[in-house]
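**Student:** one predicted model, sequence on top.
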Amino acid sequence: MKVALVHDWLTGMRGGEKVLEALCELFPNADLYTLVHIRGSVSEIIENRKIYTSFIQKLPDVEKNY
């Protein structure tokens, strides 16, 4: 069975990201899709996964303004 994980944005470790971390451990081969990913803002378990972002990631100053 192919599984994909989707999370709104990866900009810090709060409650939702902790749940995502647990899901990453349950589904180690799942792809991860998100609107924005700020590198270094989440746990290594999430960071070590292949993360696909949206076009929003390419907007100017996304890390500062999002």
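**Tutor:** Great, that's in hand. Residues are numbered from 1 along each chain as shown.

**Student:** who touches the longest helix seen in the chain?
**Tutor:** Among the elements of type helix in the chain, defined by DSSP state H, the one spanning the most residues is helix 15-26. Residues external to helix 15-26 that are found in contact with it (Cβ atoms under 8 Å, 6 or more residues apart in numbering): 5, 7-8, 10, 30, 32, 42-43, 45-46, 49. C-beta: built from backbone N, CA, C; applies to glycine.

**Student:** ditto for stretch 35-42
**Tutor:** Where contact means Cβ under 8 Å, 6+ apart, the residues beyond stretch 35-42 that reach it are 8-13, 17, 21, 47, 51, 53-54, 56-57, 62-63, 66.

**Student:** from residue 49, how far out is the residue nearest the centre of the chain?
**Tutor:** The residue at the geometric middle of the chain, judged as the C-alpha nearest the mean C-alpha position with Cα atoms, centre = their mean, is residue 10 (4.5 Å). Counting by Cβ to Cβ, to the nearest Å, the gap from residue 10 to residue 49 is 10 Å.

**Student:** and the end-to-end length of stretch 50-66?
**Tutor:** 21 Å (Cα to Cα, to the nearest Å).

**Student:** got a list of contacts for it?
**Tutor:** Judged by Cβ under 8 Å, 6+ apart, the contacts made with stretch 50-66 from elsewhere in the structure are 9-11, 31-38.

**Student:** report the helix or strand with the lowest average pLDDT across the protein.
**Tutor:** helix 62-65 (a mean of 78; mean pLDDT, DSSP states H and E).

**Student:** CA atoms only: put it into CSV for me.
**Tutor:** Written as CSV, here are the backbone C-alpha positions of helix 62-65 (Å, rounded to 0.1, in the frame of the first residue of the first chain):
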residue,chain,number,x,y,z
VAL,A,62,9.0,32.9,2.7
GLU,A,63,10.9,32.0,5.8
LYS,A,64,10.6,35.5,7.3
ASN,A,65,7.0,36.2,6.2
